[in-house]
Each structure stands twice: as C-alpha cells, then as structure tokens.
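>>> take this sequence and fold it.
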Amino acid sequence: MLKRAFDVLASVLGLLALSPVFVAVSLAVWLQDRGPVFFRQERVGRNGEMFKIHKFRSMRVSNAGSLVTSAHDDRITPVGRFLRASKLDELPQLIDVLEGTMSIVGPRPEVQRYVDLWEPGARNEILSVRPGISDPAAIAYRNEQEELAESSDPERHYVEVILPRKVAMYREYVRHQSFIGDLRLIFQTLAAVVKG
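Now for the predicted structure:
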C-alpha cells in the first residue's frame, strides 16, 4: 500500500514538474520526422498481464529488426540518440506508473519473447510484482547498448550473457525489496543519470 501511494504521488508530481520537458522533447521528436511522439510496445507486467509501455520514440518510424538495440544501430534518430543517452526517453513511463501497470522501482518489463526464456521459478517470482522504471539491473546496465555494440551478434549476446544476469538481479530485488531500499535505488538511479 505504501509503495503504491508513493508511486501515485511521485508520478503525479513528476508529470507536473517535468511537463515543460515533455513538451520540448515531444516537439523535438515530432520535428525529427513528423512521426508519432511516443513509442508503444507490449511488455509483460505483474502476473503476466500484458501492457503497452510508454517511451519517447527514439527510432525511425520504420524500425523493423532486432528487439535489442546497440549503440550503433542505424534505426536510432539523432534526437533519439540524445534521448537514450540522457534517459529522457524513459520519462513517459511515469504515465504507466500513474496508470498502475508499473512502479517507480521494480524489475524492468521485458517483451514476451525474453520472458519465455526465463525458467518457471524465475518467471513466477519476478512477475509477482509490478515492473519498474528503475532497478539494480537498470543501473548496472545503464550503458547496455555500448556492450551490445561490441558484440558481433547483439541479440545472441543479450540472450546468453546479459539477460541471465538481469534475471538474477530481478530475483534478488524481489526477494529483498523494501521502501527504504527503493528510495536508495531512486537516488542511485538519479546519480547514475547525472554521471552519464
């Protein structure tokens, strides 16, 4: 109950305080190619329920291809490259938090294809909580795109190397989550974003 109350308060205050940023980023994304401002993609939420995540669009409108994105992916627009580096593309997830499909802190929501690769025990444990905007794995893999860019097969590297590590971190978070721990993760996330 405390976590949900905090999520609602933080998302409302965040959306209000950052509304000028939302306007500026929306305008920049639209001026880039006159396409939609938001990127919507189905992700797996709590109890396996699907929802469409909100992100500022950072890729070209026609962006068919791999589900993972490396730093040198030519589908990323110049504006999108800045949004990804600054993490501003993640801000619209405050809408998902307010709607109740996500929390400020929780395991990052994955697409169904990758959740299907989790062993059943991990799937049940991780999906027992709302997914979040940030968590220990999001902080540790903040520059994941750069690691993927160094691989000759980014998709395979993600599935075989990064995803298992993330799953272990998701489970560790779920087992030891606390309100104080979430506050600590929020400050660590902000510090990581400022540090770059």
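>>> report the contact partners of L88.
21, 25, 56, 82 (CB atoms under 8 Å, 6 or more residues apart in numbering). C-beta coordinates here come from the backbone N, C-alpha and C atoms, glycine included.
>>> count of residues packed around the last one?
Think F82. 15 (other CB atoms under 10 Å).
>>> the bottom helix or strand of this protein by mean pLDDT?
Lowest on mean pLDDT, DSSP states H and E among the helices and strands of the chain sits helix 144-149, with a mean of 88.
>>> other SSEs contacting it?
Under the contact criterion of 3 or more CB pairs under 8 Å, 6 or more residues apart in numbering; DSSP states H and E, helix 144-149 touches helix 154-157.
>>> now do the strands in the chain.
38-44, 50-56, 103-105, 132-134 (DSSP state E).
>>> need these in CSV (columns: distance to M1, mean neighbour count and mean pLDDT).
Shown next, in CSV, are the strands of the chain (distance: least, CB to CB, whole Å; neighbours: other CB atoms under 10 Å; pLDDT from 0 to 100):
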stretch, distance to M1, mean neighbour count, mean pLDDT
strand 38-44, 24, 16, 96
strand 50-56, 21, 18, 97
strand 103-105, 13, 26, 98
strand 132-134, 17, 25, 97
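>>> in the least confident helix or strand of the chain, which residues are buried?
Going by neighbour count (16 or more other CB atoms under 10 Å), the buried part of helix 144-149 is 144-145, 147-148.
>>> please tabulate those residues in CSV, including the columns distance to Q112.
Below are these laid out as CSV (distance: CB to CB, whole Å):
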residue, distance to Q112
E144, 20
Q145, 22
E147, 23
L148, 20
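>>> show me the two of the residues you listed that sit farthest apart.
Greatest spacing in these, by CB to CB: Q145 and E147 (7.4 Å).
>>> got the contact list for stretch 20-33?
Residues outside stretch 20-33 that contact it (CB under 8 Å, 6+ apart): 15, 35, 37, 56-57, 60-61, 77-80, 83, 88, 91-92.
>>> same check, this time on stretch 150-157
66-70, 147-148.
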